[in-house]
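**Q** would you be able to build a 3D model of this:
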Amino acid sequence: MSRYRVEVRVMPRATLLDPQGQAVQRALHALGFGDVGDVRVGKHLVLDVQADSRDEALAHARAMCDRLLANPVTEDYDLAVEAA
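**A** Have a look, this model is predicted:
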């Protein structure tokens, strides 16, 4: 078995409001950073996964996202896999 580094980026769906992003945008404007436009806040996770192949590591990461790491109703995710 090999080790793979899986990076997961979870973001709110573009069609949904992002209250946390709006709060950050307002705070940045209050601090004088008025040139900041839309802000979206998400999660970035880095996983160390043991698998027989890159494809298997990717499949495991997708299952983790579908079952726990991302809310399939409100969030989308992107995966990047590389050998550790």
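
**Q** wait, Y77 touches N71, no?
**A** No: counting by C-beta atoms under 8 Å, N71 is not a contact partner of Y77; they are 9.8 Å apart. In this view, the C-beta of every residue, glycine as well, is placed from N, C-alpha and C.

**Q** mind checking which of the two has more residues around it?
**A** Comparing Y77 with N71 by neighbour count (other C-beta atoms under 10 Å), the higher total belongs to Y77, at 20 against 13.

**Q** ok, and for the helix or strand hosting the more buried one, which residues are buried?
**A** Assigned by DSSP states H and E, Y77 belongs to strand 75-83. Residues E75, Y77, V81 are the ones in strand 75-83 that count as buried (16 or more other C-beta atoms under 10 Å).

**Q** same check, this time on stretch 10-23
**A** Within stretch 10-23, judged by 16+ other C-beta under 10 Å, the buried ones are V10, M11, P12, D18, G21.

**Q** which one of those is nearest to Y4?
**A** Among these, V10 lies closest to Y4 (C-beta to C-beta), at 18.4 Å.

**Q** give me the contact list for the helix or strand where the closest one lies.
**A** Assessed by DSSP H and E, V10 sits inside strand 2-12. With contacts defined as C-beta atoms under 8 Å, 6 or more residues apart in numbering, strand 2-12 is touched by 18, 21, 40-54, 57-58, 61, 64-65, 69-70, 74-84.

**Q** likewise for stretch 38-45?
**A** 7-12, 18, 20-22, 24-25, 28, 69, 75.

**Q** quick one: that stretch to chain centroid distance?
**A** Chain-centre distance of stretch 38-45: 7 Å, with C-alpha atoms, centre = their mean, to the nearest Å.

**Q** buried sites along it?
**A** V39, G42.

**Q** still on that earlier bit, run the angle between the strand holding V10 and strand 75-83 for me.
**A** 160 degrees (axes from the mean of the first three to the mean of the last three C-alpha atoms, to 10 degrees).

**Q** what lines up beside strand 2-12 in the sheet?
**A** Applying DSSP bridges, strand 2-12 is found paired with strand 43-51 (antiparallel), strand 75-83 (antiparallel).

**Q** now what about the last one, what contacts it?
**A** Under the contact criterion C-beta under 8 Å, 6+ apart, strand 75-83 has outside partners 2-14, 42, 54, 57-58, 61-62, 65, 69-70.
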